[in-house]
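*Asks:* Build me a model:
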Amino acid sequence: MHLHLCLSFNFIAILAEKNLYEKFIICITKIYMTNLNTFDLNLLRVLDALLRERSTVKAGKRVGLSQPAVSAALSRLRLSLGDELFFRSGKTFEPTQFALSLETPLRNLLAQTEELICGSDAFDPAVSDARLCISGADYFAELLMPVLTERLQAMAPSMRTHLVNLVPGEPFKALTLYDVDLVLNPEMDLPDWAEHQPVLKSDFCVIARAGHPRLADSGVKPGSVIPIDLFCEINHVLFSTDGKRQAQGDMALARVGRQRQVMMTLPVFSGVYRVVAGSDMIALLPSALARHVAPSVGLDIFLPPVDVPSVQIVMAWHRRMNADPAHKWLRQQIAEILDNL
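*Replies:* Coordinates of the predicted model:
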């Protein structure tokens, strides 16, 4: 859905009523104020596309313009804003610092303006061609995306979704620094501009390759508790996006004065369970994922010797997307799917 706007007195009045006019002024501080009444807001759509794509060709495809038309719009933007905005650096098209400073307020303004003009009742998933990007661990590639794909094919066949990796350390920054619409991550402190919804509580089990020799020799059968001494003696592989060697299981062991042997960390769950399937190492894994992959990979499932607290998974998004119809619809689908895991 595209906005085709030109600035008029009435439009400024509408923005003022919705507390958007101030953001608009902040966003285009360097516009010559004498030209404000004739400034073409379609240029802001082009600027947003250029900031997203860093290419005049790709920006043109995003807003439905030819490459020469985008270049002409960029020339007008440079004149109005009094800044170069973008420059060539080898084969890359780099934004100036001023252009970068406009990125977030400009994106906010366009999203809120589209909501203001189009409202939230016109959304029909059957004809939507929205593109939405989700950031999350590969856990969701296994348990969310296949079911979501089935729903989209049936209900929103032209909607495009993308799952990308989490940003290590500060996953929710992806909502402002990258073209990400939703983040699925364990609950943690959120910035004040973010909204969130609890979607899943994940508990943990222990996985080992089928017929693991140490466990078999000790008479530990699948489904039973691994004795704590044996659990701490066997080498572990740990899921960690940033290479840290401690997680929920280590804190649970520390509470009873014990420590396990973490010999390897991997940034993806699929790597963890495949290493376990092909070695004598064991791992703590979210139970829903373990049950899903165990039969096909050749894993046995056990219980840990200590109580490992469940992790609350939340779905987070930028507040500017609260009322976006496609965004709201996709949030509802994801929440329903994860609620059934």
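
*Asks:* how about residue 278, phi and psi?
*Replies:* phi -110, psi 20 (degrees, to the nearest 10).

*Asks:* and if you look at residue 165?
*Replies:* Taking degrees, to the nearest 10 as the convention, residue 165 sits at phi -70, psi 160.

*Asks:* what residues are up against residue 329?
*Replies:* 123, 125, 128, 156 (C-beta atoms under 8 Å, 6 or more residues apart in numbering). For the C-beta atoms, the positions are set from N, CA and C on the backbone; glycine is no exception.

*Asks:* Could you find the lowest-pLDDT member of the residues you listed?
*Replies:* pLDDT across the contacts of residue 329 is at its lowest for residue 123, which sits at 79.

*Asks:* can you pull out the helices in the stretch 51-200 of the chain?
*Replies:* For the stretch 51-200 of the chain, applying DSSP state H, counting those that start in this stretch gives helices covering 56-63, 67-81, 97-118, 139-143, 145-155, 174-177.

*Asks:* on that earlier part again, as TSV, the contacts of residue 329 with neighbour count and distance to residue 96 would be great.
*Replies:* Converted to TSV, the contacts of residue 329 look like this (neighbours: other C-beta atoms under 10 Å; distance: C-beta to C-beta, whole Å):
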residue	neighbour count	distance to residue 96
123	17	36
125	19	39
128	21	34
156	21	38
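
*Asks:* now the helix or strand hosting residue 271: how far from the chain's centre is it?
*Replies:* Element membership of residue 271 [criterion: DSSP states H and E] is helix 269-277. Offset of helix 269-277 from its chain centre (C-alpha atoms, centre = their mean, to the nearest Å): 23 Å.

*Asks:* what packs against it?
*Replies:* Other elements packing on helix 269-277 under the criterion 3 or more C-beta pairs under 8 Å, 6 or more residues apart in numbering; DSSP states H and E are helix 139-143, strand 204-209, strand 235-239, strand 261-266, strand 283-286, helix 287-297, strand 299-302.

*Asks:* ok, residue 158 - contacts?
*Replies:* So residue 158 contacts 127, 128, 129 (C-beta under 8 Å, 6+ apart).

*Asks:* and the residue nearest in space to the middle of the chain, what are its bridge partners?
*Replies:* By C-alpha atoms, centre = their mean, the mean C-alpha position of the chain lies nearest to residue 135, the distance being 2.3 Å. Legend: beta-bridge partners of residue 135 under DSSP bridges are residue 164, residue 183.

*Asks:* Measure how buried the closest residue to residue 232 other than its chain neighbours is and give me the count.
*Replies:* Leaving out its chain neighbours, the residue that sits closest to residue 232 by C-beta to C-beta, 6 or more residues apart in numbering is residue 260, at 5.0 Å. Neighbour count for residue 260, taken as other C-beta atoms under 10 Å: 22.

*Asks:* repeat for residue 53
*Replies:* Residues near residue 53, counting by other C-beta under 10 Å: 18.

*Asks:* hang on, the earlier thing: send me the helix holding residue 271 as CSV with only the CA atoms.
*Replies:* Taking Å, rounded to 0.1, in the frame of the first residue of the first chain, the C-alpha atoms of helix 269-277 are listed here in CSV:
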residue,chain,number,x,y,z
PHE,A,269,19.4,-24.7,18.0
SER,A,270,19.6,-26.9,14.9
GLY,A,271,23.4,-27.0,15.4
VAL,A,272,22.9,-28.0,19.1
TYR,A,273,20.7,-31.0,18.5
ARG,A,274,22.7,-32.2,15.4
VAL,A,275,25.9,-32.1,17.4
VAL,A,276,24.2,-34.1,20.2
ALA,A,277,22.8,-36.6,17.7
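
*Asks:* Do you know the pLDDT at the nearest residue to residue 171 once chain neighbours are set aside?
*Replies:* Excluding its sequence neighbours, the residue lying closest to residue 171 (C-beta to C-beta, 6+ apart) is residue 185, at 4.6 Å. At residue 185, the pLDDT value in this model is 93.

*Asks:* same thing with the one 10 residues further on?
*Replies:* At residue 195, the model reports a pLDDT of 90.

*Asks:* Please name the residues that touch it.
*Replies:* Counted by C-beta under 8 Å, 6+ apart, residue 195 has contacts 316, 317, 318, 319, 322.

*Asks:* Got a quick ChimeraX command for the buried subset of those?
*Replies:* In ChimeraX syntax, the buried subset of the contacts of residue 195 is picked out as below (16 or more other C-beta atoms under 10 Å):
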select :316,317,318
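
*Asks:* Which ones among the contacts of residue 195 map onto helices?
*Replies:* With DSSP state H as the criterion, helices contain none of the contacts of residue 195.
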